[in-house]
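A.B. asks: What follows is a predicted protein model with its sequence.
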Amino acid sequence: MNQQFMPDEDLAYTVLSDLKRVTREYATAATEAVCPTVRQHFTQLLNTTLAMQGELYNAMSQQKMYNTASPALRQEIDKQFKEYQQTQQKTNQFVQQRKSAPQAAQPQWGYQQAPVWQQPSYMPQGAQQHQSGMQHSHTPYM
Amino acid sequence: MNMLPITAKELEYIADSLSNEDLLIKQCTAGALSCTNPQISQVLMHQAQVHQSQYQALLGCLQQHQSLAPTQPQG
């Protein structure tokens, strides 16, 4: 008599939802860290936990344990696309206007460069010159 | 990399994270053993180990900061 503690899918789902919750907590913790090494620790934990969540999700999905939501309709995508294309145009105009305005009050806003440790450990395209001594936190967990 | 003393908030996050990881170690281990699906069981078994090393990393982080912490409240 091998009575199962819980059906497989419920069991896997319980772990999956915990991984999702913990991922959010690590992201919050990383953004609120003061000490650079603590931030680095949380960033590393975030990446690993996110990878584990993906791994478990993939396994569940292969075993047909996860019902994905039905696909969005074409007309809904079209609608959002149009709307945000317009938003983009307006925003581009706004940016152009502000940039070309003579002697605009730009310096008053004082864009400040983030302290070195706040810079992301991933390297955005063309931002290599910002690279600090920070280690990559990209390495996939084993 | 320079290390600063951790704040009370950071300490709370680390402690909460330790208890999360602890729960996940137990959940994955118990889950892997009770699960009848071999693929899921294997993933859970493997992840239990990863959570153990994450737990150790968090403990290590606390340990690193022990000597930096003041023993009296700072103004």
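C.D. replies: Structure received.

A.B. asks: residues near A:Val15, how many?
C.D. replies: Counted with other Cβ atoms under 10 Å in any protein chain shown, the neighbours of A:Val15 add up to 25. The way it works is simple: take the backbone N, C-alpha and C, and place the C-beta from them, glycine included.

A.B. asks: Please read the previous query as pertaining to A:Arg21.
C.D. replies: Neighbourhood size, A:Arg21 [other Cβ under 10 Å]: 13.

A.B. asks: Repeat that for B:Glu12.
C.D. replies: B:Glu12 is flanked by 13 other residues according to other Cβ under 10 Å.

A.B. asks: right, and the helix or strand after the helix or strand containing it?
C.D. replies: Assigned by DSSP states H and E, B:Glu12 falls within helix B:8-34. The helix or strand immediately downstream of helix B:8-34 is helix B:38-66, counting by DSSP H and E.

A.B. asks: name the helices or strands packed onto that following helix?
C.D. replies: Contact partners of helix B:38-66 among helices and strands, from 3 or more Cβ pairs under 8 Å, 6 or more residues apart in numbering or on different chains; DSSP states H and E: helix A:8-32, helix A:36-62, helix B:8-34.

A.B. asks: what's the closest of those helices to A:Thr87?
C.D. replies: Nearest to A:Thr87, of all the helices and strands packed on helix B:38-66, is helix A:8-32, at 26.5 Å by Cβ to Cβ.

A.B. asks: Need the contact partners of that closest one.
C.D. replies: The list of residues contacting helix A:8-32 from outside it, by Cβ atoms under 8 Å, 6 or more residues apart in numbering or on different chains, reads A:5-6, A:39, A:42-43, A:45-46, A:49-50, A:52-53, A:56-57, A:59-60, A:63, A:65, B:9-10, B:13-14, B:16-17, B:20-21, B:23-24, B:27-28, B:31, B:34-37, B:40, B:44, B:47.

A.B. asks: Thanks again, I'm all set now.
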